[in-house]
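A.B. asks: attaching a predicted model along with its sequence, questions to come.
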Amino acid sequence: EEAMSKRSHTAYSDASLTGREHAVEGFFDQPKHHVPEPGAKRQREESPPESDDEKIVEHHEEEKPDIDRMLEEAEPVEVMDLLQMRRAVAGLERKMHRNQELRVKHGDDPSKFMESEIELFEEINKLQAVATAPDLYVEFVKLNGVGKVVELLDHENVDIALAAVELIHELTDPEALLESEEEEGAKGLVDALAETAALELLVKNLGRLDEAATDQQQGVYNTLAIFENLSELRPQVLEVACERTDLVAWIFRRLGSRQIDQNKVYCSE
């Protein structure tokens, strides 16, 4: 009986240990939350192969109609030509002037100038198409398009400022610029941003953004991404940023936050 009791106790202990070991191994095997590197492409997750090749073929055939439908429903990417860009820049200038007039005239009554700000917001978004045509950058700089967009970084309406940040983020995409081999356009764009106080206004704008709001949190991310883009296009710009702005000080203050989120990770990088 004593021997049987010992064997029973040993078996129970082994089973418990095995169960605990399995649980621990299972915990570390679980997929972990991964914060993607800013600007990095999402890697395609590979699923384990099916045992039956016919099931794989059948599975893909079932998915094909959905993919076709998604492609059909996707909005076409607008490609802007020179004439359209000139009209867009002129339209932006008119909307900016109109909005400024109404703000001065009806400063105490936002309802009187709100419609003009909606129109201004739409004009900024129209210029997103310029980012698809780097060959237009030289002319865009000549038309003072960069200067007009930079002015909007200091707009009283945060939504307008965020739209300008997003536009600059798109325009400075190094991947698109390097693939297009438009070196003159890229250089002209970066020089224009440095000469029009864009760096100072971008950092100044960080001070008024509330990351508790999703759109403003994205605005912080886009601002950091702009500096990263510029560092890839022309590394010398970072020296100017450090000399003329409080970017580094802001980054260190942001790292002091106890909460770990995407923007804090970006700051650490």
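C.D. replies: Sure thing, it's come through.

A.B. asks: use CA for all of it now, contacts and neighbours both
C.D. replies: OK.

A.B. asks: contacting residues around Gly185?
C.D. replies: Counting by CA atoms under 8 Å, 6 or more residues apart in numbering, Gly185 makes contact with 134-138.

A.B. asks: now swap in Leu202 and tell me
C.D. replies: By CA under 8 Å, 6+ apart, the neighbours of Leu202 are 153, 165, 223.

A.B. asks: so is the last one in a helix, a strand, or just coil?
C.D. replies: Think Thr223. Three-state assignment for Thr223 (DSSP: H, G, I helix; E, B strand; the rest coil): helix.

A.B. asks: how near is it to Leu167?
C.D. replies: As judged by CA to CA, to the nearest Å, Thr223 and Leu167 stand 11 Å apart.

A.B. asks: quick one, strands of this structure?
C.D. replies: For the chain, no strands are identified by DSSP state E.

A.B. asks: for it, which spans come out with low pLDDT?
C.D. replies: Scanning the chain with the threshold set as pLDDT under 70 gives 1-78.

A.B. asks: residue nearest the centroid of it?
C.D. replies: Residue closest to the average C-alpha location in the chain (CA atoms, centre = their mean): Asn222, at 4.6 Å.

A.B. asks: so what's it up against?
C.D. replies: Applying CA under 8 Å, 6+ apart to Asn222 gives the contacts 165-166, 169.

A.B. asks: quick one: which of the residues you listed has the most company?
C.D. replies: In terms of neighbour count, Val165 stands highest of the contacts of Asn222 at 26 neighbours, by other CA atoms under 10 Å.

A.B. asks: tell me the spacing between that residue and Arg258.
C.D. replies: For Val165 relative to Arg258 (CA to CA), the value is 26 Å.

A.B. asks: repeat for Leu193
C.D. replies: Leu193 is 33 Å from Arg258, by CA to CA.

A.B. asks: and those two? which has more neighbours close in?
C.D. replies: Leu193 (21 against 8).

A.B. asks: show me what contacts that one?
C.D. replies: Leu193 neighbours (CA under 8 Å, 6+ apart): 146-147, 150, 199.

A.B. asks: cheers, nothing more for now.
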